[in-house]
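In: the following comprises the amino acid sequence and a computationally predicted model.
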Amino acid sequence: AFFTPQDANGVAGEPQVVAEYFGVSEEKLNAMPADKIKELQTSGALAQIYAHLVSLIGWDRLVALAMTRQQQGAGVLN
């Protein structure tokens, strides 16, 4: 996953790799045929997929918080 830090004025910095993970593509999920969606629903996987997608919403905020804490910690040591 990439994170693009921003300064106080909202100017984007250099993107940084912060993690590698597999994620569900919402676009590909939405493009699936109705019968495949029904299979996912019947098996219980669709609820898990939606929970995963919801968890991705907070990813940018979580990474920003972690980076801020890391920078603050580095400042305390200097």
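Out: Alright, I've got the coordinates.

In: flag the shaky bits of this structure, pLDDT-wise.
Out: 1-3, 5, 18-19, 74-78 (pLDDT under 70).

In: can you give me the strands in it?
Out: 2-3, 16-17 (DSSP state E).

In: and the last one, what does it pack against?
Out: The contact analysis (3 or more Cβ pairs under 8 Å, 6 or more residues apart in numbering; DSSP states H and E) places strand 16-17 against strand 2-3. Heads up, the C-betas are built off the backbone N, CA and C, glycines and all.

In: and residue 41, how many neighbours does it have?
Out: By other Cβ atoms under 10 Å, 12 other residues sit near residue 41.

In: what about the closest residue to it other than its chain neighbours, distance to residue 59?
Out: Residue nearest to residue 41 in three dimensions, not counting chain neighbours: residue 47, with 7.9 Å by Cβ to Cβ, 6 or more residues apart in numbering. Going from residue 47 to residue 59 by Cβ to Cβ, to the nearest Å gives 20 Å.

In: so the two - more neighbours on which side?
Out: residue 59 (15 against 11).

In: for the longest helix seen in the chain, name the packing helices and strands.
Out: In terms of residue count, the longest helix belonging to the chain (DSSP state H) is helix 59-77. The contact analysis (3+ Cβ pairs under 8 Å, 6+ apart) places helix 59-77 against strand 2-3.
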